[in-house]
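Trainee: below are the sequence and a predicted model; questions follow.
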Amino acid sequence: MTWLELVRLVFPDADDNEAEDLLWNRTGFPGFYCGDDPAAYFLKQLQEYKVAGELHGVNKLCELCNEPAENNGLCPEHLRSSMIQRV
């Protein structure tokens, strides 16, 4: 089974672009996994993202965490941090 096929196990309605985004931007793919079973950890990351979206009732979560995004794809905390770093 490919990584994109695993994405579609958790997000069966994802189109090709959404599946690629989930693969590259919401998981540690291609190599940031803990433990001896990379596929299990990968699926855990996808499941956490899915649950967070359902919990918050939003489609867009922060690019750096699983909190609701407000501006520029970031949650208030990460948006604030990014503004501090630019000063």
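Mentor: That came through fine. Numbers count the residues shown, from 1 in each chain.

Trainee: what are the boundaries of the helices in this structure?
Mentor: Assigned by DSSP state H, the helices in the chain fall at 3-10, 16-25, 38-56, 76-86.

Trainee: got the ones you listed as JSON lines, with distance to residue 63 columns?
Mentor: For every residue, glycine as well, the C-beta is placed using N, CA and C. JSON lines is the format used below for the helices of the chain (distance: least, CB to CB, whole Å):
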{"stretch": "helix 3-10", "distance to residue 63": "17"}
{"stretch": "helix 16-25", "distance to residue 63": "7"}
{"stretch": "helix 38-56", "distance to residue 63": "11"}
{"stretch": "helix 76-86", "distance to residue 63": "8"}
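
Trainee: nearest residue to the middle of this protein?
Mentor: Centroid check for the chain by CA atoms, centre = their mean gives residue 26 as the closest residue, at 2.5 Å.

Trainee: follow-up on the earlier one: could you export the helices of the chain as JSON lines, including distance to residue 70 and mean pLDDT?
Mentor: JSON lines is the format used below for those (distance: least, CB to CB, whole Å; pLDDT from 0 to 100):
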{"stretch": "helix 3-10", "distance to residue 70": "25", "mean pLDDT": "96"}
{"stretch": "helix 16-25", "distance to residue 70": "18", "mean pLDDT": "94"}
{"stretch": "helix 38-56", "distance to residue 70": "12", "mean pLDDT": "92"}
{"stretch": "helix 76-86", "distance to residue 70": "6", "mean pLDDT": "80"}
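
Trainee: output the ones you listed as a markdown table; include the columns mean neighbour count and distance to residue 32.
Mentor: Compiled in a markdown table, these are given as follows (neighbours: other CB atoms under 10 Å; distance: least, CB to CB, whole Å):
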| stretch | mean neighbour count | distance to residue 32 |
| --- | --- | --- |
| helix 3-10 | 15 | 13 |
| helix 16-25 | 14 | 12 |
| helix 38-56 | 15 | 9 |
| helix 76-86 | 12 | 19 |
